[in-house]
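A.B. asks: A predicted structure for the sequence below; I have some questions about it.
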Amino acid sequence: EAGVAQSPRYKIIEKRQSVAFWCNPISGHATLYWYQQILGQGPKLLIQFQNNGVVDDSQLPKDRFSAERLKGVDSTLKIQPAKLEDSAVYLCASSPGTSGSQETQYFGPGTRLLVL
Amino acid sequence: GDSVTQMEGPVTLSEEAFLTINCTYTATGYPSLFWYVQYPGEGLQLLLKATKADDKGSNKGFEATYRKETTSFHLEKGSVQVSDSAVYFCARAYTGRRALTFGSGTRLQVQP
């Protein structure tokens, strides 16, 4: 079974530029998550999708971050314009979406973003 | 609020030593509790989990028991190996929600 795919793996941009990250979850997984992991910290949820609807985006900085999940499968996370404090690893995860809070999440390798 | 607190690292042990990594959580509702591990150069992966009080999760020689009375979920292993060197994250999920709240992670270094 293929895992969660993310691209690109690394990205370096200047502040005020825009950037987009892509995620392909495990086939058949209804729930998709984007987490932000700043160096030395644990991942923090940015947004959670159930199929193509948003379940939780309370911690997404909506003035600069946006995300969509096309047809309930792939997802794109965008930052526009980027700030220095956005430097982090952006993790995508997916889960089947059928088993409640005990459900295992499967993580992709992450995209490491550096904003200069 | 919703939080998970882990002991700070790095934790440095010799091979075959006993490992404990402490984790406590805020007692809001009845969360599911998880340990995830991140090996060097790899993504996060589930190590073990427990979904209700007194449950014990176990995998690859690691164990953790869901202690409601102390709101803890400490990770233990009786004899660590060099290959256990990684960053370990404790996490919780609210009842009815799947999104995880993570601790800050504990780096384990095992020396031969």
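C.D. replies: That came through, no problem.
A.B. asks: how much space between the residue of chain B found nearest chain A and residue B:71?
C.D. replies: Scanning chain B for proximity to chain A using Cβ to the nearest Cβ identifies residue B:102 as nearest, at 3.1 Å. The C-beta positions use only the backbone N, C-alpha and C, and glycine is treated the same way. In this view, residue B:102 and residue B:71 are 16 Å apart by Cβ to Cβ, to the nearest Å.
A.B. asks: next one: residue B:106
C.D. replies: Counting by Cβ to Cβ - residue B:106 and residue B:71 are separated by 18 Å.
A.B. asks: Specify which residue of the two has the higher count of neighbours.
C.D. replies: residue B:106 (20 against 17; other Cβ atoms under 10 Å in any protein chain shown).
A.B. asks: Isn't that one up against residue B:87?
C.D. replies: Yes - counting by Cβ atoms under 8 Å, residue B:106 sits close enough to residue B:87 to count as a contact (6.9 Å).
A.B. asks: what's in contact with the helix or strand of chain B with the lowest mean pLDDT?
C.D. replies: When the helices and strands of chain B are scored by mean pLDDT, DSSP states H and E, strand B:100-102 comes last with a mean of 92. Residues outside strand B:100-102 that contact it (Cβ atoms under 8 Å, 6 or more residues apart in numbering or on different chains): A:42-45, A:105, B:2-4, B:34, B:36, B:89-93.
A.B. asks: Any of the residues you listed buried? List them.
C.D. replies: With burial judged by 16 or more other Cβ atoms under 10 Å in any protein chain shown, the buried subset of these is A:42-45, A:105, B:4, B:34, B:36, B:89-93.
A.B. asks: Of the residues you listed, which belong to strands?
C.D. replies: Among these, the members falling in strands (DSSP state E) are A:44-45, B:4, B:34, B:36, B:89-93.
A.B. asks: wait, which of the residues you listed is closest to residue A:3?
C.D. replies: Proximity of these to residue A:3, judged by Cβ to Cβ, is greatest for residue B:36, which lies at 14.6 Å.
A.B. asks: mind listing what that closest one touches?
C.D. replies: Residue B:36 makes contact with A:107, B:44-47, B:88-89, B:91, B:102, according to Cβ under 8 Å, 6+ apart.
A.B. asks: now residue B:14
C.D. replies: If you count contacts by Cβ under 8 Å, 6+ apart, residue B:14 has them with B:110-112.
A.B. asks: Can you lay out those as JSON lines showing distance to chain A and pLDDT?
C.D. replies: As requested, the contacts of residue B:14 are exported to JSON lines (distance: Cβ to the nearest Cβ, whole Å; pLDDT from 0 to 100):
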{"residue": "B:110", "distance to chain A": "21", "pLDDT": "97"}
{"residue": "B:111", "distance to chain A": "22", "pLDDT": "96"}
{"residue": "B:112", "distance to chain A": "26", "pLDDT": "94"}
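A.B. asks: Lovely, talk soon.
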